[in-house]
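Asks: any chance you can model this:
(3 chains, ligands or ions: 1)
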Amino acid sequence: MVEGRAPMAGPRRPKGSDTSWPRVILHVDMDAFFASVEVLDDPRLSGRPVVVGGTGPRGVVAACTYEARVFGVRSAMPMAEARRRCPGAVVLPGRHARYAEVSAALHACFHRATPLVEGIGLDEAFLDVTGARRNGADGRELAESLRARVADELGLRCSVGVGRSKLVSKLASVKAKPTVVDGHVQPGPGVVVVAPEEEAGFLRPLPVRALWGVGPATERRLERLGVQTVADVADLPAGVLERVVGPTTGRLLAALAAGDDPRPVVPDRPAKSVGHEETFARDVVDTEVLHRRLVRLVDAATRSLRRTGRSARTVTVKVRYGDFTQVTRARTLPEPADTPQQLGAVAAALLDEVAGTGQGVRLLGVSLSALAAADRARQLRLAFDVAAAGEGDGAGAAAPGARSALAAPEAWSAVAAAVDDIRTRFGDGSVVPATLTGPDGGGARHRGEAQWGPSGGSAGRSGGRDG
DNA sequence: TCTGGGGTCCTACTGCAC
DNA sequence: TCTGGTGCAGTAGGACCC
Ligand SMILES: [Mg+2]
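Replies: Predicted structure coming up:
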């Protein structure tokens, strides 16, 4: 905006008529989210360095309290290093289901401010409050009251950035956060507003890394051009930038550096893929072991798929070898499918293309994409079977035709639906694939079982689940 | 005892249709 | 030096985000 408008024209201009605020975007970001939830649920942890993440040999830090940050602990840091830096830390494995629950309550708070809420992960969200503001309050007032409400109702702190765009509000929320200043925690302002006329002064001194889409690799390439700050990017000739990072990213970056970010706040983005992956405590060479793990991963992925009432055409298998090189193999089916039997067969074939080379495998993953709504007959059958099971007609949800069950893949959809239902009511361990009931079997995988790395022990695993 | 697991998006390349 | 150019779908890799 080059409006050049004076900061404040009058004491009580009607709010919402200010054309230099075409939109008012809030970015809300929970402080140390997972770790704060743990402190909330166990107040004895208050004031202590708490680190949430993978507790096994290959775990990493997912979140940590500011008390832990004083010791140099950061998210994405290997847990081994975190323990080294902060031996007194309380290290917890994380409870995904609990965080999701708190996140839902958080979103309920957001929705009382505006229906235009776009969640990013579990702990942050953009809110377009342009309309809400026009009803009376200004951006700062909305941000302050939202923050107070979250503290009040959830007992958790958050930081809020207010700006004319996603870019600016997001960067403003960073400035609102607590900081560590030589060894102790400094509370942040909690809310930071960047008005349009302040944007250039706010953005230009920031490091390029602050821009959305600039990670370590791009930062390194820009560094070689002597580009360090947002101002450096903004002042770079367009051609140079596009040659270094590609035309699409180049144009995007140039726009962001100029403070130009028209991206709308979009509520309820449908997922484009679902998947599960697992890093083993030790590299796995045995192809049979890999296939058994694959069955669990497919089972988990298809369950996620059906839970959202969708089916998939593309199956991708991912393998990361011990030396961290990674390969993927994908196959797209002519028709969408949603059962472990159909998709598992494809996954197994893909795994055979990349396993058995003698190379140790560190990580195995399965992802399902090219998602479609599950076909109508299937959705109706699913609804019917769940209802029938609920009526106590014990035979209702079973038996896809004992004569030809294996020959009719779509019949397995009903079986899968029934299994999901049983798991919902009796727990995830109550039904597992037959191939997992041997000595190496154990319970089925489910979301959050191995969130930030293996839980310890050997690759085969048998005991030693944490909490 | 370095380097999660959930994703999105972009790019480059291939085979194929037109 | 030349069946060329283009568009599309599928595939693989990689950067990036929380
Ligand atoms: Mg956060």
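Asks: what about A:Leu167, which helix or strand?
Replies: helix A:166-175 (DSSP states H and E).
Asks: buried residues in that helix, which are they?
Replies: By 16 or more other Cβ atoms under 10 Å, the buried positions in helix A:166-175 come out as A:166-173, A:175. (C-beta placed from N, C-alpha, C; glycine too.)
Asks: A:His111: what's it in contact with?
Replies: Residues near A:His111 by Cβ atoms under 8 Å, 6 or more residues apart in numbering: A:Val117.
Asks: on the pLDDT front, check it for me.
Replies: A:His111 carries a pLDDT score of 95 in this model.
Asks: looking at this, it is in a helix?
Replies: Yes: looking at A:His111 with DSSP: H, G, I helix; E, B strand; the rest coil, it is inside a helix.
Asks: which of the buried residues of helix A:166-175 sit farthest apart?
Replies: Spanning the widest gap among those are A:Lys166 and A:Lys175, at 15.4 Å by Cβ to Cβ.
Asks: show me which residues of chain A sit near DNA strand C.
Replies: Residues of chain A found near DNA strand C (Cβ under 7 Å from any atom of the strand) are A:76, A:120-124, A:170, A:211-219, A:314, A:316, A:325-332, A:370.
Asks: list only buried entries from the residues you listed.
Replies: Buried by 16+ other Cβ under 10 Å: A:122-124, A:170, A:211, A:214, A:218, A:314, A:316, A:329, out of those.
Asks: ok so, going back, the helix holding A:Leu167: how far from the chain's middle?
Replies: Helix A:166-175 sits 19 Å away from the centroid of its parent chain (Cα atoms, centre = their mean, to the nearest Å).
Asks: how about stretch A:228-243?
Replies: Computed by Cα atoms, centre = their mean, the separation of stretch A:228-243 from the middle of its chain amounts to 30 Å.
Asks: quick check: end-to-end length of it?
Replies: 17 Å (Cα to Cα, to the nearest Å).
Asks: quick one: average pLDDT of stretch A:357-368?
Replies: 92.
Asks: work out the gap between that stretch and the centre of the chain.
Replies: In terms of Cα atoms, centre = their mean, the gap separating the centre of stretch A:357-368 from the centre of its chain is 22 Å.
Asks: and it, which residues are buried?
Replies: Neighbour counts over stretch A:357-368 (16+ other Cβ under 10 Å) mark A:361-368 as buried.
Asks: same deal with stretch A:98-105?
Replies: Of all the residues in stretch A:98-105, those buried under the rule 16+ other Cβ under 10 Å are A:99, A:102-103.
Asks: how far off centre is that stretch?
Replies: In this view, stretch A:98-105 has its centroid 13 Å away from the chain centroid, taken as Cα atoms, centre = their mean.
Asks: so does that stretch get close to the ion?
Replies: No: Stretch A:98-105 does not reach the ion (Cβ under 5 Å from the ion); its nearest approach is 11.3 Å.
Asks: going on from the helix holding A:Leu167, what's the next piece of helix or strand?
Replies: Next along the chain from helix A:166-175, counting by DSSP H and E, comes strand A:179-181.
Asks: what does that following strand rub up against?
Replies: Strand A:179-181 is touched from outside by A:66, A:69-70, A:185-186, A:188, with contacts defined as Cβ under 8 Å, 6+ apart.
Asks: swap the cut-off to 10 Å and go again
Replies: By Cβ atoms under 10 Å, 6 or more residues apart in numbering, the surrounding residues in contact with strand A:179-181 are A:66-67, A:69-72, A:185-188.
Asks: now swap in stretch A:132-149 and tell me
Replies: Stretch A:132-149 is contacted from outside by A:14-18, A:21, A:23-28, A:109-110, A:112-116, A:127, A:129-130, A:157-164, A:169, A:172-173, A:176, A:190-195, using Cβ under 10 Å, 6+ apart.
Asks: what segments of the stretch 101-250 of chain A are helices?
Replies: Here the stretch 101-250 of chain A has its helices, by DSSP state H, counting those that start in this stretch, at A:130-134, A:139-154, A:166-175, A:199-203, A:216-224, A:230-234, A:238-245, A:247-257.
Asks: please read the previous query as pertaining to the stretch 251-400 of chain A.
Replies: Applying DSSP H, counting those that start in this stretch to the stretch 251-400 of chain A gives helices spanning A:287-307, A:340-354, A:376-390.
Asks: up against DNA strand B, what does the stretch 201-350 of chain A have?
Replies: With Cβ under 7 Å from any atom of the strand as the criterion, the stretch 201-350 of chain A meets DNA strand B at residues A:246-249, A:271-279, A:300, A:304, A:324.
Asks: what's the PyMOL line that selects buried ones from those residues?
Replies: Paste this into PyMOL to select the buried members of these, with burial taken from 16+ other Cβ under 10 Å:
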select buried, chain A and resi 274+275+276+277+278+279+300+304
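Asks: ok, now how distant is A:Pro196 from A:Leu253?
Replies: For A:Pro196, the distance to A:Leu253 equals 21 Å [Cβ to Cβ, to the nearest Å].
Asks: so for the two, which sits in the more crowded spot?
Replies: Higher neighbour count among A:Pro196 and A:Leu253: A:Leu253, with 27 against 20, using other Cβ atoms under 10 Å.
Asks: show the pLDDT at that one.
Replies: We note a pLDDT of 90 for A:Leu253 in this prediction.
Asks: where's it relative to the ion, distance?
Replies: 24 Å (Cβ to the ion, to the nearest Å).
Asks: just A:Thr130 next, same as before
Replies: Going from A:Thr130 to the ion by Cβ to the ion gives 24 Å.
Asks: quick one: residues contacting that residue.
Replies: Listed by Cβ under 10 Å, 6+ apart, the contact set of A:Thr130 reads A:16, A:21-25, A:114, A:116, A:139, A:164, A:265.
Asks: separation between A:Val37 and DNA strand C?
Replies: 14 Å (Cβ to the nearest atom of the strand, to the nearest Å).
Asks: let me see the contact set for that residue.
Replies: Contacts of A:Val37 (Cβ under 10 Å, 6+ apart): A:30, A:52, A:63, A:94-95, A:98-99, A:101-103, A:122-123, A:154-156.
Asks: got the angle between the helix or strand harbouring it and helix A:139-154?
Replies: Following DSSP H and E, the helix or strand that holds A:Val37 is helix A:33-41. Orientation check (axes from the mean of the first three to the mean of the last three Cα atoms, to 10 degrees): helix A:33-41 against helix A:139-154 gives 50 degrees.
Asks: quick check: buried residues in helix A:33-41?
Replies: By neighbour count on 16+ other Cβ under 10 Å, the buried set for helix A:33-41 is A:33-39.
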